[in-house]
Structures are given as C-alpha cells and as structure tokens.
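S.K.: Just the structure for this:
(one chain, ligands or ions: 1)
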Amino acid sequence: MPSTYQPPVATMRFLLEHVLDFDAQMAALPGLEEVTSELAGEVLTMAGRMCTERLAPLNLPGDAAGTKLVDGNVVTAPGFAEAYAEFVEAGWPGLAGDPEFGGQGLPRTVQIMLDEMVSAANLSFGLFPGLTRGAAEALAAHGSDELKATYLGKLVTGEWCGAMALTEASAGTDLGLLRTRAEPRGDGSYAVTGTKIFISSGDQDFGNNIVHLVLARLPDAPAGVKGISLLLVPKFLPGASGAFDERNAMSVGALEHKMGIHAQPTCVMNYDGATGWLVGKAGRGLNAMFTMMNAERLFVGIQGLGLADAATQNAVAYARERLQGRAADGRPGPVPIIAHADVRKMLLACRAFVEPARALAAWTAIRMDIADRHPDAATRDAASADVALLTPVVKAAFTDFGFETTVLAQQVFGGHGYIHEAGMEQFVRDARITQIYEGTNGVQAIDLVSRKVTLNGGAPLRAYLDGIAADIDKSDSGDLAVQMRAALAMLEEASATIAAASGDADALGAAATEYLNLFALVSLGWMWVRILAAAPALEDARSRDTYAALAAYYASYVLPRAGLHAARIVAGPATVMALDEALF
Ligand SMILES: Cc1cc2nc3c(=O)[nH]c(=O)nc-3n(C[C@H](O)[C@H](O)[C@H](O)COP(=O)(O)OP(=O)(O)OC[C@H]3O[C@@H](n4cnc5c(N)ncnc54)[C@H](O)[C@@H]3O)c2cc1C
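M.R.: Take a look at the predicted model:
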C-alpha cells in the first residue's frame, strides 16, 4: 500500500483563527493588514493540492531511483525537474518573498505551513526551494546592491536555486577549522578554492543557475571563526553575451551515499579557483551565514513535523484496516488493530505531538512576522528574542519527537512497516537526517542553555514563562492545568540552575539536551492549553472530543517525561564526567 497524505488545511485554519489570533496580529503589520486566516486557508488549500497531486506521488519512486552523477552532472529522479518547473511557475518559492524582488509578500506563518506540507509530501524535493529561500534571505540581509540586483530576484522566484556550502571533511560543527580559501583578484571578485562535503542541492538538472553561498578564508585571515567570510559562487557566470552561460570553475566530486532523502543530491563540491563575490564584510561570514541558518533551522524543525504528520496519517489509516486478534470488548475477531490499547497508545502519542507542534510552529512564525514588520521597535525586539529562544527548541525537539513519531507510526504497521513499498521505513530514514543537519540537536541544546536562556539578562525567557503561566491560570483545562503547573515549576527551577551554571561548560553540556526537552514538553503542553481554550469555537463536536482526548493523553502520558529530564538536570555533570576517557 503506497503512503497517502491529506493536507491538514482545516486544522491550520483553526489554529490561525481561533488559537493564535492571527487576523488581529497581521492587521497590525504594515503590508500584511489584509492577510486573514481565510486568505491563508485559500492559499494553503491550493498548496495542499499541489503537494498531494504533484509532490507526494514522486516521493516513493524518488527514494527508489535516487540521484546519479553522470559525466560530472547530477541527474535527479524522474519527474523532479518537471515538478520543480511547475512549482516555480505557480509562484510557490516566493510565497513570503519580498515583492520588490518578485515575491508575493505573504507572512512567514503561511510559508511555514506550506513548508510542513511540502516536507510531508516529499522532503527530498522540499530542500531545493528551502535552501534557495535561505540563500535569498542571507543575500537580502547582507549582499551589496549590485549582487542583489543580479541574483536576488532569481532566487526569490526560485528561477535559480541556492545551496549552502559550509561543511568540510574536518570542519563540521566547528566551522573555525575550515580551510577553503578566497583570494582577491583585484577586480572585486575572488578566486575560491577548496572542497566542501555534504552540500545539499549542490547540483541538479533543472536547467537553471545554482547560487552557492560558500564559507571561506581570505588571505591573512585570523584563525578560528573570526577569519571566515561568505562568498557568492554561482554555477554559471555571465559570458560574453551577458547571458549566464559560462561554467564557473566548480564541480561535483561525488554524490554521498546516504541513509535517507535519496532523491536529494548531497554533493562533494570542488571549487577550483571558482569566481565568487563577498557577501557582507570580510571576516563576518559566519554572521551573514547565521541569517540563513536561523531560517533553515526553523525549516528543519518543520520538516520533522511534516514527516511525523505524514507517517501518523498513514498509521491511523492502516490501524483501521488491518485485522488482527480480538478486542477486549468481546467483539468477534479479527478486529481492526486500532481496537488494541497498545496500538491506540502509539497513535495517541503521534497525534499528541503533531497537533501542538503545528501550533507552536505557527506561534513562532507569527513572532517572526512581528519581528520583521511591526512599526514599534520594542515590540519587534521582544518578538525577535522569542524567535531566538524558540529556534533551537523547534529545530531539535520537533526533529527528535518527529523521528520518534515516524518510528511509532512504522511500528503500527508491524512487519509491513519494514518493507519499502509501504512507505513507512522511508519516513523513518528521511526523518533521521533532520536531527543531524543544520547543527546537530546536541549543538542546538547547547545554544539554548549557553546563549538563549541568558539572552538580555534572561528577560525574554522570563516573559515567555510568565506568558505560559498566565495562559494556564486563565484556562479551564483540569488535569492538563495541574500537570502543566508541575512541569512549569520544574522548568523554572531548571532555568535557574542553568543560569547559575553560566560559563561552566561541563554543567551546561550535561544539562543541555535535558533542558531543551523539558522546555519543549512545557511549550507543547502550553499549546494544548491554548487549543483546548479555543476548542469551543469548533462546530463539530467530534473535533472537540478529539482534542480533549489527545490533550488528556498528553497530560498523563507525555508530560510526566518532564520529571525525568528535571531529575537528570539535578544530578548535574558529575556522573557524566566521572569516567576517564581512556576507560570508555
Ligand atoms: C544529508 C546531509 C545533508 C547536509 N547538507 C548540508 C549542506 O547543505 N550544507 C552544509 O554546509 N552542510 C550540510 N550537511 C552537514 C551537516 O550540517 C553536518 O554534518 C552537521 O552539522 C554535523 O557536523 P559533522 O558531521 O562534522 O559532525 P561533528 O561536528 O564531527 O559532530 C560529531 C558529534 O559530536 C558532537 N559535537 C561536535 N562538537 C560539539 C561540541 N562543541 N559540543 C558538544 N557536542 C559536539 C555533535 O553533536 C555530533 O554528535 C549535511 C549533512 C548531511 C549528512
């Protein structure tokens, strides 16, 4: 049975309209005054159709076909080039892009919902426009007017693609170790030389230009991260006629053989004196790249959510059809496996994560829209701090829970889940990379504890936790409120422990992932509080009952995990650091 996917547009609309007060928040943002949840719903309905009709059918065949390197050129899986052309033709890459450069100027919130559906339908495909958008953002924020005039419009519309080239064989998390060089040529351009590995969308056969943003060192640059600059290196340069038809001195050395996202070309890239131009100031490359990486990190979190939802939908459908065993209520067997308590627990766990995660993603995206556009500087700053705080949480927790969800959904299929044709093992394999790329989840957790908790003296964290407490107090959510108060108290205490450990790398490192998980459990529980508070607006009693049951499951089966993480934080680093390295 091939996998199926139903775009969750009705749920998205409910979240925007009733849970997140989207219309009123957009009304305060110049340029977005006319954007309502109704309009967002219409756009997302069209997007959902494109995902189910064009992208999802290519997912399983794309996984089987993979990508190939033929005579130095990447050949993508059948149908990908045509689907990309249609995607661009329909204007999807520029949905939230700057209208001055050909974008449609819609909110990031709508973009993130599109990202979820594209990731659910076909993650390998989704990385092409995703990386292109990240490149456009970095260029828009840091590029010269000249570079923007030439490249930005093409990237915003998706006519050209983008790639992000940071990683080298000996420089992954620690980019300060990178060796790629950029030598000035005296005419404003640079000769870029070096080898990058693991470069997503590094090359393809869509017949367009590919704009690589490459981290490199200028001559005499200091060692470490301060010596890194960002360069724009296109696959095609303008030739004598002015058309972009001259191949730059860069090539694909190899394609990586990998666990998942088989239809996405992950390239070893060789730059052999390739022509490039500086983006932003010399030595400030990492800063410029962070613009791209922050947007990408949220996008990666959304990928985890999208895959989790797609896997869950398939697991629910299968559990209704698959007949095995007898039910406890004495019905003659075999019964659909959804009757069995253990199967129900797996399905509940999946949905109890997906629903509040979608709400938290949208909440974060609305804060991004406010940070981008609100007329009041203090309001923008507060929103920006929220985004900074939530970025590592969304990236790491959504992909960890997302992976866990794909595994549970696969488990519902029993042995059939292990077989390629069912599509479930692909969700598991594809989800696994989301925990690793764009900075591993461990590194996200370290970012949270070492930079975000203490950001602006801890004020953004304080405001965030106070907001959660106020919503719990306002709510009438019974057992969920009781459990949430307990978990929030643990998070408060853990936050104080983290703040007190500031500068102690072992203490922070040992606590980091535990703290991020605790933070995420409380944040998702907060979204359950808000969803339940808004549920009376739903006309359909079955939907209200569904949310009540899922929130109850979250309160009694998921939220108690908070205690485990809190206990580990209390245990401190002593146990982790005690064993001598030689004794492992
Ligand atoms: C399929 C795929 C696609 C990718 N796409 C791109 C791309 O488009 N562009 C690009 O530039 N890169 C890309 N990457 C690279 C990816 O971002 C890196 O692999 C990732 O950031 C980790 O770097 P690394 O592999 O060198 O691991 P390492 O940095 O060697 O880390 C190994 C382990 O050590 C941990 N660790 C490392 N340093 C620390 C520390 N200071 N504190 C605590 N723990 C630490 C890590 O969490 C990890 O568990 C891709 C990778 C893959 C596999």
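S.K.: so where's the chain shaky on pLDDT?
M.R.: 1-3 (pLDDT under 70).
S.K.: Which segments of it make up each domain?
M.R.: 9-141, 145-282, 441-583 (the TED database).
S.K.: So which bits of the stretch 51-200 of the chain are right by the ligand?
M.R.: Met164, Ala165, Leu166, Thr167, Gly172, Thr173, Phe198, Ile199, Ser200 (C-beta under 6 Å from any ligand atom). Heads up, the C-betas are built off the backbone N, CA and C, glycines and all.
S.K.: Look up phi and psi at Gly276.
M.R.: phi -150, psi 170 (degrees, to the nearest 10).
S.K.: Strands of this structure, residue ranges please.
M.R.: Assigned by DSSP state E, the strands in the chain fall at 68-70, 73-75, 161-165, 181-184, 190-200, 210-217, 228-234, 236-238, 244-247, 250-255, 266-279.
S.K.: now the last one against strand 190-200, angle please.
M.R.: In terms of direction (axes from the mean of the first three to the mean of the last three C-alpha atoms, to 10 degrees), strand 266-279 departs from strand 190-200 by 140 degrees.
S.K.: Report all helices and strands that strand 266-279 contacts.
M.R.: helix 108-142, strand 190-200, strand 210-217, strand 228-234, strand 250-255 (3 or more C-beta pairs under 8 Å, 6 or more residues apart in numbering; DSSP states H and E).
S.K.: Select, out of the ones you listed, the one closest to Gly563.
M.R.: Nearest to Gly563, of all those, is helix 108-142, at 30.3 Å by C-beta to C-beta.
S.K.: Quick check: buried residues in that closest one?
M.R.: Applying a neighbour-count criterion of 16 or more other C-beta atoms under 10 Å, one finds 108-140, 142 buried in helix 108-142.
S.K.: report the angle between the axes of that helix and strand 266-279?
M.R.: 60 degrees.
S.K.: roughly how far is helix 108-142 from the heart of the chain?
M.R.: 9 Å (C-alpha atoms, centre = their mean, to the nearest Å).
S.K.: returning to that earlier point: can you list the residues of the stretch 51-200 of the chain next to the ligand in TSV and add distance to Met577 and neighbour count?
M.R.: What follows is these, written out as TSV (distance: C-beta to C-beta, whole Å; neighbours: other C-beta atoms under 10 Å):
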residue	distance to Met577	neighbour count
Met164	34	26
Ala165	35	28
Leu166	30	25
Thr167	29	19
Gly172	23	17
Thr173	20	12
Phe198	31	20
Ile199	36	22
Ser200	35	23
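S.K.: any chance of the residues you listed in CSV, with distance to Leu55 too?
M.R.: Putting those into CSV (distance: C-beta to C-beta, whole Å) gives the following:
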residue, distance to Leu55
Met164, 22
Ala165, 26
Leu166, 27
Thr167, 27
Gly172, 30
Thr173, 32
Phe198, 24
Ile199, 22
Ser200, 17
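S.K.: which one of those residues is nearest the ligand?
M.R.: Using C-beta to the nearest ligand atom, Gly172 comes nearest to the ligand of these, at 1.6 Å.
S.K.: Next, the closest one: phi, psi?
M.R.: Torsion angles at Gly172 (phi, psi; degrees, to the nearest 10) stand at phi -110, psi -90.
S.K.: What residues does it make contact with?
M.R.: Applying C-beta atoms under 8 Å, 6 or more residues apart in numbering to Gly172 gives no contacts.
S.K.: so which of the domains of the chain gets nearest Gly306?
M.R.: domain 9-141 (3.1 Å).
S.K.: how long is the closest one end to end?
M.R.: In domain 9-141, first residue to last residue: 32 Å (C-alpha to C-alpha, to the nearest Å).
S.K.: Stretch 551-566 too?
M.R.: 22 Å.
S.K.: Give me the buried stretch members for it, please.
M.R.: Buried residues in stretch 551-566 (16+ other C-beta under 10 Å): Ala551, Ala552, Tyr553, Tyr554, Ala555, Val558, Leu559, Ala562, His565, Ala566.
S.K.: With stretch 190-209 instead?
M.R.: 190-194, 196-206, 208-209.
S.K.: among the strands of the chain, which is the most enclosed?
M.R.: strand 161-165 (a mean of 28; mean count of other C-beta atoms under 10 Å).
S.K.: and stretch 206-222, how far apart are its ends?
M.R.: Termini of stretch 206-222 sit 39 Å apart (C-alpha to C-alpha).
S.K.: on that earlier part again, which member of the residues of the stretch 51-200 of the chain next to the ligand is positioned nearest Ala574?
M.R.: Thr173 (25.0 Å).
S.K.: What parts of the chain come near the ligand?
M.R.: 164-167, 172-173, 198-200, 258, 266, 433, 436-440, 442-443, 446.
S.K.: The ligand versus Ile338, what's the distance?
M.R.: 35 Å (C-beta to the nearest ligand atom, to the nearest Å).
S.K.: and if you look at Ile498?
M.R.: For Ile498, the distance to the ligand - C-beta to the nearest ligand atom - is 16 Å.
S.K.: let's number from 598 now, not from 1
M.R.: Yep, numbering from 598; the last one is Ile1095 now.
S.K.: That residue and Lys1049 touch, don't they?
M.R.: No. Between Ile1095 and Lys1049 there is no contact under C-beta atoms under 8 Å: 9.9 Å.
S.K.: between the two, who's got more neighbours?
M.R.: Between Ile1095 and Lys1049, counted using other C-beta atoms under 10 Å, the more crowded position is Ile1095 (25 against 22).
S.K.: Run through the residues that contact the more buried one.
M.R.: Here Ile1095 is in contact with Val1046, Val1050, Leu1105, Ala1108, Tyr1112, Ile1166 (criterion: C-beta under 8 Å, 6+ apart).
S.K.: now these in a markdown table, with neighbour count?
M.R.: Below are these laid out as a markdown table (neighbours: other C-beta atoms under 10 Å):
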| residue | neighbour count |
| --- | --- |
| Val1046 | 29 |
| Val1050 | 22 |
| Leu1105 | 20 |
| Ala1108 | 27 |
| Tyr1112 | 25 |
| Ile1166 | 23 |
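S.K.: Redo those as CSV? Include distance to Ala962.
M.R.: Formatted as CSV, the contacts of Ile1095 follow (distance: C-beta to C-beta, whole Å):
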residue, distance to Ala962
Val1046, 24
Val1050, 22
Leu1105, 28
Ala1108, 28
Tyr1112, 23
Ile1166, 29
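S.K.: Just flag the most distant two among those.
M.R.: Across the contacts of Ile1095, the two lying at the largest distance from each other (C-beta to C-beta) are Val1050 and Ile1166, at 12.1 Å.
S.K.: so what's in contact with the two at the same time?
M.R.: Ile1095, Tyr1112.
S.K.: close enough to count as contact, Ser981 and Arg970?
M.R.: No. Judged on C-beta under 8 Å, Ser981 makes no contact with Arg970 at a distance of 11.5 Å.
S.K.: Between the contacts of Ile1095, which sits nearest Gly645?
M.R.: Nearest to Gly645 out of the contacts of Ile1095 is Tyr1112 (C-beta to C-beta; 35.9 Å).
S.K.: Report the contact partners of that closest one.
M.R.: Residues in contact with Tyr1112 (C-beta under 8 Å, 6+ apart) are Ala1042, Leu1045, Val1046, Val1050, Ala1091, Ser1092, Ile1095, His1162, Ile1166.
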